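Asks: I need the structure of the sequence given here:
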Amino acid sequence: MTDTFMDALVKRRSQYALGKNLPVSADDVEKLIRKAVRLAPSSFNSQSSRALVLFGEHSDKFWKLTTEKLREIVPADAFASTEAKMKAFAAGAGTVLFFEDQDTVKALQEKYPLYADNFPAFSEQSGGMAQFAVWTALASVGLGASLQHYNPVIDEAVAAAWDIPSNWKLRAQMPFGSSEKELGPKSFIDDEVRIRVFR
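Replies: Model prediction:
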């Protein structure tokens, strides 16, 4: 494990104050996301994770769509804070939508029936690793991001807006952009509570 990798882990935080000032080009961000998704591990090397990368107007469109879908279910007297949150996400330079390919999951269930019940969970774990890989990669070049979950409320609208294959299941959304606010210190619970070591 290199210091560079550990430094990237330290930088990876939930940043909600996002801006559109990318420290690197959009092309470089795209390449970084592609590489992170490609290199993220997956069970049985299934490579089940899929990503939709939205920049600029497409990202704005996504958060407007999400706002309108939430308006249908959030009580009117509580909607102002929800709308403010959507505007904060839209203030970023882009959004990554993460999906898991259900055809890949089904194919593995058929090929390995002994583990059939486990493959949906394996897929979720693979998706989590892809999300973590992308988030850490973005942090490594100075981009802020956070991970959101507005699925399944937005699933059908997203599929229609960007012609998403029916076998792609939306699992998470990651708005990203320039970090417009310094983050405070992060608190940690005692390692002894979380980690046990026997030698």
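
Asks: Could you give the separation between the terminal residues of stretch 19-29?
Replies: 15 Å (CA to CA, to the nearest Å).

Asks: Excluding sequence neighbours, find me the nearest residue to residue 65.
Replies: If the residues on either side of it in the chain are set aside, residue 65 comes closest to residue 157, at 5.2 Å by CB to CB, 6 or more residues apart in numbering. All C-beta atoms are positioned from the backbone trio N, CA, C, and that covers glycine.

Asks: Just confirm residue 92 contacts residue 60, I think it does.
Replies: No: contact between residue 92 and residue 60 fails when scored by CB atoms under 8 Å: they sit 9.7 Å apart.

Asks: Those two: who's more crowded?
Replies: Using other CB atoms under 10 Å as the criterion, residue 92 and residue 60 rank with residue 92 on top: 29 against 16.

Asks: Skip the chain neighbours and tell me the closest residue to the more buried one.
Replies: residue 177 (3.1 Å).

Asks: Tell me the helices and strands packed up against the helix or strand harbouring that neighbour.
Replies: Following DSSP states H and E, one finds residue 177 within strand 168-179. Here strand 168-179 touches strand 18-19, helix 56-71, strand 94-101, helix 119-140, strand 143-145, helix 155-162, going by 3 or more CB pairs under 8 Å, 6 or more residues apart in numbering; DSSP states H and E.

Asks: okay, the helix or strand of the chain with the lowest mean pLDDT in PDB with CA atoms only?
Replies: Ranked by mean pLDDT, DSSP states H and E, the weakest helix or strand in the chain is helix 3-11, scoring a mean of 88. Presented in PDB, the C-alpha positions along helix 3-11 are these (Å, rounded to 0.1, in the frame of the first residue of the first chain):
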ATOM      1  CA  ASP A   3       1.400   6.600   0.700                       C
ATOM      2  CA  THR A   4      -0.300   8.000  -2.400                       C
ATOM      3  CA  PHE A   5      -3.100   5.500  -2.100                       C
ATOM      4  CA  MET A   6      -3.500   6.200   1.600                       C
ATOM      5  CA  ASP A   7      -3.400  10.000   1.000                       C
ATOM      6  CA  ALA A   8      -6.300   9.500  -1.500                       C
ATOM      7  CA  LEU A   9      -8.300   7.700   1.100                       C
ATOM      8  CA  VAL A  10      -7.800  10.500   3.500                       C
ATOM      9  CA  LYS A  11      -9.000  13.000   0.900                       C
END
